[in-house]
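> Output the structure for:
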Amino acid sequence: MGSLLLLGIASGLPLALTGGTLQAWATVSDVSLKQIGFLTLVGMAYTFKFLWAPFIDRYVPPLFGRRKGWMILTQILLGIVLIGMGLLNPQQNLIWLALLATIVAFLSATQDIAFDAYSTEVLDKEERASGAAIRTLGYRIGMIVSGGLAMVIAERWLGWGGMYMLMGCFMFVFAFVSMLSPDTKYNQAPRTLEEAFIVPFKEFFSRPEAWAILLLIILYKLGDAFASALSTTFLIRGAGFSAETVGWVNKILAVIATIVGALFGGAILSKLGLYRALMLFGILQALSNLAYWLVAVIPQNLPVMAFAIGFENLCGGMGTAAFVALIMGLCNIKYTATQFALLSALSTVGRVFLAGPLTPPIVNTMGWANFFLLTVLIAIPGLVLLRLYRQRIEAI
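Here you go, the predicted model:
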């Protein structure tokens, strides 16, 4: 479990560096809101990672085996590219910075393919709830390190470029952690490319409820995706807080809320079962968006902003733990990399293709306060679909 925590941190670290932290760097560099909105498109690799996941299933690197080998390779390359990002400036090199961020997203998505398969295969069925909670805890800690903590480091000590270089160095450390992690229990690779590419999709889509499950994966966190799409820009530009203040609140409250949320979520998941946990956490995720509405109507109020960040991370930690357990349960152990990549990639469709491009024009039309009220409504269809497929989810 200890290795899952550390590898979860490695998995979550690059996401904010191509998302919220990159937004903050662009925001304080006076990049336009429209350009910041389209920076979210650099994360497209997370949506399409299922296209090359079969290669990760089929081919084995020369060292450290099929899962650990790919994790180590991508972690080393991530370190190199993040250091390269640190050499650029958003005002002068926005296109090149976006290009390197896209490469980071591709490598990070590839690391996720290997890590998702690794964590699914290394855990027994009875360990899934606690394992999902631990890896979710690690993932969200990684996001906080490269989010709130990174912004404090950038504003107070190293500057934005130096901070990106430091994050790159962290990835080299995680590569060493991967080398020392235990091997998986299931190591049989597909024998042909056809078996790697076609059979996993054929097996999944042969299930009667396949298309409904895919729609549920997209809709379940859609409201959360819209609310968080430009949350950093909102707190700095819309609510009037400094990047350092946002960073400190993220560093302190978000860490505490994430730890409590992930561990509490895992405990509730074990007691309530998957369906009831998903429903409860989904409702809480939707309600947590109202905390940002409160920040919008009471701007520059530090306690309100702290409550919003803490409540969002608490609910997000619980929701993600249950969501990961759902995806683990839906995967056939023979095709974990490809099927996990398909399902987790679809969960990013809302964030990358809907929330990122659509949030700026919606905010410009409705204002921040009405926008966050809208995100609560956006979360409802996913909860309705979850209720309709209760029996299938309870069978996992």
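> how close does Lys271 get to Leu222?
Noted for Lys271: a distance of 27 Å to Leu222, by Cβ to Cβ, to the nearest Å. Yep, even glycine has a C-beta here, placed from its N, CA and C like the rest.
> now do Leu343
Relative to Leu222, and taking Cβ to Cβ, Leu343 is found at 15 Å.
> again, but for Arg191
38 Å.
> Now do the buried residues in stretch 6-20.
Neighbour counts over stretch 6-20 (16 or more other Cβ atoms under 10 Å) mark 6-20 as buried.
> whoops, I mixed them up, stretch 166-175
Leu166, Met167, Gly168, Phe170, Met171, Phe174, Ala175.
> who touches the fifth one in this structure?
The reference is to Met171. Ala10, Leu13, Pro14, Gln75, Ile76, Leu78, Gly79, Leu82 (Cβ atoms under 8 Å, 6 or more residues apart in numbering).
> one more time with 10 Å, if that's ok
By Cβ atoms under 10 Å, 6 or more residues apart in numbering, the contact list for Met171 reads 10, 13-14, 74-83, 104, 107-108, 111.
> so where does it fall, helix or strand?
helix 159-180 (DSSP states H and E).
> Show residues contacting whichever helix or strand comes after that helix.
Going down the chain from helix 159-180, the next helix or strand is helix 193-205, by DSSP H and E. Counting by Cβ under 10 Å, 6+ apart, helix 193-205 makes contact with 50-51, 53-59, 189-190, 192, 210-211, 213-214, 330-332, 334-343, all of which sit outside it.
> PyMOL command to pick out the buried ones of these?
Buried residues among these (16+ other Cβ under 10 Å), as a PyMOL selection:
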select buried, resi 50+53+54+55+56+57+58+190+213+214+330+331+335+336+337+338+339+340+341+342+343
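> From the contacts of helix 193-205, which land in helices?
In this view, the contacts of helix 193-205 that belong to helices under DSSP state H are 53-58, 210-211, 213-214, 330, 336-343.
> buried ones in the top helix by length along the chain?
For the chain, the helix with the greatest residue count under DSSP H is helix 90-122. Of the residues in helix 90-122, 90, 94, 97-98, 100-122 count as buried by neighbour count, 16+ other Cβ under 10 Å.
> can you give me how far stretch 338-347 is from the chain middle?
Offset of stretch 338-347 from its chain centre (Cα atoms, centre = their mean, to the nearest Å): 12 Å.
> OK, contacts around Lys125?
Met328, Gly329, Ile333, Ile396.
> Among these, name the buried ones.
Buried, going by 16+ other Cβ under 10 Å: Met328, out of those.
> unless I'm mixing things up, Leu326 is touching Leu343, no?
Yes: between Leu326 and Leu343 there is a contact at 8.4 Å, judged by Cβ atoms under 10 Å.
> What does the pLDDT read for Tyr82?
Careful, residue 82 is Leu and not Tyr. Leu82 is assigned a pLDDT of 98 by the prediction.
> How much space separates it from Leu193?
32 Å.
> cool, and Gly316?
Gly316 sits 38 Å away from Leu193, taking Cβ to Cβ as the criterion.
> out of these two, which sits in the more crowded spot?
It is Gly316, of Gly316 and Leu193, that has more neighbours when counted by other Cβ atoms under 10 Å, with 28 against 13.
> List the buried residues in the strand or helix carrying the more buried one.
For Gly316, the element it lies in under DSSP H and E is helix 302-330. Neighbour counts over helix 302-330 (16+ other Cβ under 10 Å) mark 304-328, 330 as buried.
> That one relative to helix 90-122, how many degrees between them?
Relative orientation of helix 302-330 and helix 90-122, computed by axes from the mean of the first three to the mean of the last three Cα atoms, to 10 degrees: 40 degrees.
> I'm done for today, thanks for sticking with me.
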